[in-house]
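1. Okay, here's the prediction I keep looking at, along with the sequence it came from:
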Amino acid sequence: MTQHKDKAAGTVTQQETPAYLWHAGGLVEWDKATTHITNIAWPSISMVFEGIRGYWSPRRQEVYLFHLEAHLKRLWQSMKLMRMTSSYSKEELARAIMEVVKANGYKGDVYISPYAYFREGVPGYIGVKDMPSEVLITCRPAPSNLGTDLVAHCCISSWTRIADNVMPPRAKAIANYQNSRLVSTEATLNGYDFGIILNGQGKVSEAAYACIFIVRDGVAITPPHSAGILESITRATGIELLRDMGVPVEERDVDRTELYIADEAFLCGTSVELRPVPSVDRYVLGDGAVGPVTRQLQERFHQAVRGEDPRYARWLTPVYEKARVG
Ligand code: PMP
């Protein structure tokens with residue numbers, strides 16, 4: 001337990017913190033995982049990370065890590081772009097991720113974040129080559145919003161998406177999230193749930209922390225990897241599920257006004273999962289209700305992540321190793 005001062009209420013609240021995290025090769029008690037105050041400055045500028053969901057299956061009493069391999073592959077790609085080498089193999093980190101969920105005894109939906117940073121603590125702005133990283137893994141309860149009526153009313157942000165030759169968006173780097181923060185702060189202050197960012201070419205890129213699909217005349221359309229997006233794992237999952245549903249998918253540039261006239265739209269990402277977009281800049285999409293393609297996709301996704309569809313068993317890694325799907 002950690003005590004937090006709730007400024008608005010002026011009271012001290014208790015917030016559940018995990019008993020353990022994983023750092024530098026092993027489990028560490030939450031309260032003992034400390035670092036020097038100066039480390040809040042430059043070291044995190046070159047840090048890369050992942051966000052991974054684990055879904056609880058009440059029927060099988062199991063937590064399924066969703067697309068663990070794909071997340072580790074992307075972590076390695078992000079490290080490479082930072083010219084960071086890994087001190088662990090992918091198998092070692094996969095085991096570490098399972099260990100931290102187990103050590104905390106989580107029997108519910110979880111969100112796991114592995115972070116990699118330069119072990120030698122080099123000042124972030126100095127160029128380095130092939131220096132080793134250290135890894136921190138945190139894990140927290142994160143109930144899924146699938147099956148709820150949560151939606152995302154969106155606006156087009158006045159900010160522009162970072163570009164590949166500015167700060168490569170395909171690296172999942174902490175520093176890139178300055179762009180996302182500006183977008184989401186503006187959107188929230190203006191009364192929207194999410195901001196959608198256009199790239200330097202004026203085409204739709206993605207939302208602050210998620211990718212986007214629209215549906216027009218029965219075809220699902222999503223901006224390509226070259227539009228300044230993070231190479232999203234949920235987006236790739238969505239494409240596969242949509243094609244399995246018989247919905248054609250196009251990966252192509254999307255204009256701003258195509259969002260306004262789309263029949264349906266939804267955001268996708270590990271944290272947002274699949275979230276319907278009823279409006280963009282107050283233009284109502286379709287009749288404003290969750291569209292049939294989005295609805296069916298959400299249902300299929302929900303079945304898949306909880307291990308209820310053996311066709312997608314290959315996406316799941318059981319933490320407690322009780323029940324493989326299929
Ligand atoms: N774009 C950004 C900027 C994100 O932070 C995320 C969430 N990781 C996504 C897209 C969606 O990616 P994924 O489906 O891999 O979570």
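-> All right, it came through fine.
2. Quantify the burial of residue 105 by counting its neighbouring residues.
-> Using other C-beta atoms under 10 Å, residue 105 is surrounded by 9 other residues. Every residue, glycine included, has its C-beta placed from N, CA and C.
3. And the residue nearest to it when sequence neighbours are not counted, how far from residue 57?
-> Sequence neighbours aside, residue 19 is the residue nearest to residue 105 in space, at 7.8 Å (criterion: C-beta to C-beta, 6 or more residues apart in numbering). Using C-beta to C-beta, to the nearest Å, one obtains 23 Å as the distance from residue 19 to residue 57.
4. try residue 23
-> Using C-beta to C-beta, residue 23 is found at 29 Å from residue 57.
5. related to what we said a few turns ago, count residues in the vicinity of the residue nearest to residue 105, would you?
-> Number of residues near residue 19 (other C-beta under 10 Å) recorded here: 14.
6. separation between whichever residue of the stretch 1-150 of the chain sits closest to the ligand and residue 90?
-> With C-beta to the nearest ligand atom as the measure, the residue in the stretch 1-150 of the chain that lies nearest the ligand is residue 51; the distance is 5.0 Å. To residue 90, residue 51 is 17 Å away according to C-beta to C-beta.
7. if we can go back for a sec, looks like the residue of the stretch 1-150 of the chain closest to the ligand contacts residue 270 (just checking).
-> Yes. Taking C-beta atoms under 8 Å as the definition, residue 51 is a contact partner of residue 270 at 4.7 Å.
8. With neighbour numbers in mind, choose between these two.
-> residue 270 (21 against 16).
9. Run through the residues that contact the more buried one.
-> Residue 270 makes contact with 51, 52, 53, 66, 111, 233, 234 under the criterion C-beta atoms under 8 Å, 6 or more residues apart in numbering.
10. Pull out the buried residues from these.
-> Buried residues within the contacts of residue 270, counting neighbours by 16 or more other C-beta atoms under 10 Å: 51, 52, 53, 66, 111, 233, 234.
11. Sitting in helices, which of those do you find?
-> Secondary structure defined by DSSP state H assigns 233, 234 of the buried ones among the contacts of residue 270 to helices.
12. Next step: the buried ones among the contacts of residue 270 restricted to strands.
-> For those, membership in strands holds for 52, 53, 66, 111, with DSSP state E as the criterion.
13. which residues does the second one contact?
-> By C-beta under 8 Å, 6+ apart, the residues touching residue 53 are 65, 66, 109, 110, 111, 112, 142, 144, 270, 271, 273, 305.
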